[in-house]
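Chemist: coords below, sequence missing:
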């Protein structure tokens, strides 16, 4: 074979190989070497991930463009990544005429990242692109960032578990300690014993309540009878309205004079306020002692329940006696109407004497201001105040005796009279033989 023929074959082989290489370059090139019509679109993302130049733009798995450039840009006071994307002209209308969203995705779990386009029904993004000049793009999923957030969440859960464990230990140590459980058992036992005692006490008080009911019924009957007596008294007093009106007028005048005297007494007391305060302090001590006695009396009643029940039975019997007493009172009012009339007239005369009493009160006020007399000594003299406290004690004893006297009056009647003795008429003639 000649030398020229071999050179021709080699040249043809090189030409064919270069042609095939050019076809392969055109076929597998990401950018198409600039031979395809494209539309440039700018995307803004917070993070570009591992997207590089000439990374593909896929829409439903079909390549519709590629990434031309990646730069940092300031937008609205923050730094963003500006991705310049070239969309192929034959697919650009499909992308821009839909409500498309752009996000950075990965091929597989750890594959290369690309820009994905997701068309959705709705208004086209072309108006948004024409208005602001760029479209938003979602940042890729960052496994490391997600892992860091998961670790921080796990740490917070760990702190919460440790705190819960500490709370459980405190509950086991303090709240559920053997001593606390023993105290709870003792408390429950005491509550059960108290409930049993309360039940027994309620059973015992059943009889007491029944006695009280009977006493209340007796008092109701007595009040009805007293109401009838009051009606009789009202009818009786209706006949003496004129006399009573005059008496009330006299009482009113005497009250006015007594009020003036009281004002003078009040002024005298104000002048001697320190001494009166000391007297009131002593009286408060006496009141405290009386209060203590009352508390002891309550305890005594609690300790003597059966005796109290017996006393209530006696009260029930006493109410029956009160009914009889009211009947006697009604009969007494009927029999002594003349005496009551005389008493009313005496009241009118008594009101006249009130004027003299008020004059005496004025004189007493004058003596009080001078420190004369018993009342003046009570204000001025410390020894007299001590004697006055002794007198108060004696008055307490007297009140008890008056209580006994009132019981006797209830038993014998208010207007009790001795039986009338027969009148012996003297003889006018000679004695019989």
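Modeler: Noted; the coordinates are in hand. Keep in mind that this is a model prediction, so the values were computed, not measured.
Chemist: in a strand, residue 72, correct?
Modeler: Yes. Assessed by DSSP: H, G, I helix; E, B strand; the rest coil, residue 72 belongs to a strand.
Chemist: mind checking how far it is from residue 45?
Modeler: Using CB to CB, to the nearest Å, one gets 11 Å for the distance from residue 72 to residue 45. Backbone N, C-alpha and C define where each C-beta goes, glycine included.
Chemist: can you pull the residues that touch both of the two?
Modeler: 80-81 (CB atoms under 8 Å, 6 or more residues apart in numbering).
Chemist: please report phi then psi for residue 57.
Modeler: phi -110, psi 110 (degrees, to the nearest 10).
Chemist: quick one: contacts for the residue lying closest to it once chain neighbours are set aside?
Modeler: In space, and not counting its chain neighbours, residue 57 is closest to residue 65: 3.9 Å by CB to CB, 6 or more residues apart in numbering. Residues near residue 65 by CB under 8 Å, 6+ apart: 38, 41, 56-57, 85-88, 91-92, 95.
Chemist: and those as JSON lines, adding secondary structure and neighbour count?
Modeler: Converted to JSON lines, the contacts of residue 65 look like this (DSSP: H, G, I helix; E, B strand; the rest coil; neighbours: other CB atoms under 10 Å):
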{"residue": "38", "secondary structure": "strand", "neighbour count": "20"}
{"residue": "41", "secondary structure": "strand", "neighbour count": "22"}
{"residue": "56", "secondary structure": "strand", "neighbour count": "18"}
{"residue": "57", "secondary structure": "strand", "neighbour count": "25"}
{"residue": "85", "secondary structure": "strand", "neighbour count": "24"}
{"residue": "86", "secondary structure": "strand", "neighbour count": "23"}
{"residue": "87", "secondary structure": "strand", "neighbour count": "22"}
{"residue": "88", "secondary structure": "strand", "neighbour count": "19"}
{"residue": "91", "secondary structure": "helix", "neighbour count": "18"}
{"residue": "92", "secondary structure": "helix", "neighbour count": "19"}
{"residue": "95", "secondary structure": "helix", "neighbour count": "24"}
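Chemist: closest one of those to residue 217?
Modeler: Residue 217 has its nearest neighbour among the contacts of residue 65 in residue 95, at 102.1 Å by CB to CB.
Chemist: show me what contacts the closest one?
Modeler: If you count contacts by CB under 8 Å, 6+ apart, then residue 95 has 59, 64-65, 87, 117, 119 around it.
Chemist: so which of those residues are in strands?
Modeler: The strands, defined by DSSP state E, take in 59, 64-65, 87, 117 from those.
Chemist: element containing residue 147, please.
Modeler: Element membership for residue 147 (DSSP states H and E) is helix 143-170.
Chemist: repeat that for residue 397.
Modeler: For residue 397, the host element (DSSP H and E) is helix 382-412.
Chemist: again with residue 136
Modeler: Residue 136 belongs to strand 135-138 when assigned by DSSP H and E.
Chemist: roughly how far apart are residue 228 and residue 221?
Modeler: 11 Å.
Chemist: the two - which one has more neighbours?
Modeler: residue 221 (15 against 12; other CB atoms under 10 Å).
Chemist: ok, that one touching residue 321?
Modeler: No. Counting by CB atoms under 8 Å, residue 221 stays clear of residue 321, with 12.0 Å between them.
Chemist: tell me where this structure has helices.
Modeler: Counting by DSSP state H, the chain has helices at residues 3-28, 89-96, 126-132, 143-170, 178-238, 241-271, 273-303, 305-335, 337-370, 373-380, 382-412.
Chemist: give me the low-pLDDT residue ranges for the stretch 1-150 of the chain?
Modeler: For the stretch 1-150 of the chain, the stretches flagged by pLDDT under 70 are 1-2, 26-35.
Chemist: how many other residues sit next to the spatially closest residue to residue 129 that is not a sequence neighbour?
Modeler: Excluding its sequence neighbours, the residue lying closest to residue 129 (CB to CB, 6+ apart) is residue 135, at 5.8 Å. By other CB under 10 Å, 20 other residues sit near residue 135.
Chemist: do the same with residue 10
Modeler: 10.
Chemist: swap in residue 42?
Modeler: 18.
Chemist: please renumber the chain so that the first residue is 30 from this point on.
Modeler: Got it, first residue is 30 now, which makes that one residue 71.
Chemist: what is it paired to in the beta sheet?
Modeler: Applying DSSP bridges to residue 71 gives these bridge partners: residue 113.
Chemist: neighbour-wise, which of residue 101 and residue 74 wins?
Modeler: residue 74 (21 against 9).
Chemist: any idea how far the more buried one is from residue 89?
Modeler: Residue 74 is 21 Å from residue 89, by CB to CB.
Chemist: and if you look at residue 375?
Modeler: Distance from residue 375 to residue 89, by CB to CB: 125 Å.
Chemist: swap in residue 203?
Modeler: Distance from residue 203 to residue 89, by CB to CB: 65 Å.
Chemist: so what's the residue count around residue 102?
Modeler: Using other CB under 10 Å, residue 102 has 13 neighbouring residues.
Chemist: my read: it touches residue 77, true?
Modeler: No. Using CB under 8 Å, residue 102 is not in contact with residue 77, being 11.6 Å away.
Chemist: quick one: common contacting residues for those two?
Modeler: residue 110.
Chemist: domains of the protein?
Modeler: 30-64, 65-170, 207-363 (the TED database).
Chemist: and residue 399, what's its pLDDT?
Modeler: On pLDDT, residue 399 comes in at 68.
Chemist: about what we covered before: tell me the mean pLDDT for the helix holding residue 426?
Modeler: Averaging pLDDT along helix 411-441 gives 68.
Chemist: just stretch 227-243 next, same as before
Modeler: 65.
Chemist: re earlier: which single one of the ones in strands among the contacts of residue 124 is nearest to residue 39?
Modeler: Checking the ones in strands among the contacts of residue 124 against residue 39 by CB to CB gives residue 94 as the nearest, at 41.2 Å.
Chemist: for the closest one, which residues make a bridge with it?
Modeler: Residue 94 has these beta-bridge partners by DSSP bridges: residue 86, residue 116.
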